[in-house]
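Engineer: Here is a sequence together with a model predicted from it:
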Amino acid sequence: MRIESLKYMLMVQDMDRAVAFYRDVVGLKVNSQSPMWSELAHGDAVVALHGGGNGDFNPTGLSVQVSDIESACAEIETGGGLIRKAPGNRPGEPIKLAELADPEGNGFMMSAYVG
């Protein structure tokens, strides 16, 4: 098998709103966009958005690591996302972790190393 790329797919109800969130708030680069399938990237990592979502909360395994989690969470909230659990230290782990949701209801994690 020769893998060409790995993509993390999220279901979305409103493609334009979802692309705008991941482009303008999260900072991903739009590789392609259409009403039912869009791809955004950070380096080699691709987040694919698939139309047909219903907007209900959907926990995912998506995780984003940042350097300043408090200001990043504020940007997420200002940009239409939801802070489900504020950043907090993780016992036995060198990170702060927050639980968030995008405007489409997709839950994701955000972490930052603490030193």
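Structural biologist: Right, received. Where do you want to start?

Engineer: tell me the contacts of V25?
Structural biologist: Applying CB atoms under 8 Å, 6 or more residues apart in numbering to V25 gives the contacts 75-76, 78-81. Every residue, glycine included, has its C-beta placed from N, CA and C.

Engineer: now, among those residues, which is nearest to I95?
Structural biologist: I76 (17.0 Å; CB to CB).

Engineer: quick one: contacts of the helix or strand in which that closest one is found?
Structural biologist: In the assignment (DSSP states H and E), I76 maps to helix 69-78. Counting by CB under 8 Å, 6+ apart, the neighbours of helix 69-78 from elsewhere in the structure are 25-26, 64, 66, 82-83, 86-87, 96, 98, 100, 110-112.

Engineer: Filter those down to the buried ones and hand me the ChimeraX line.
Structural biologist: Buried members of the contacts of helix 69-78 can be picked out in ChimeraX with the line below, counting by 16 or more other CB atoms under 10 Å:
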select :25,26,64,66,87,96,98,100,110,111,112
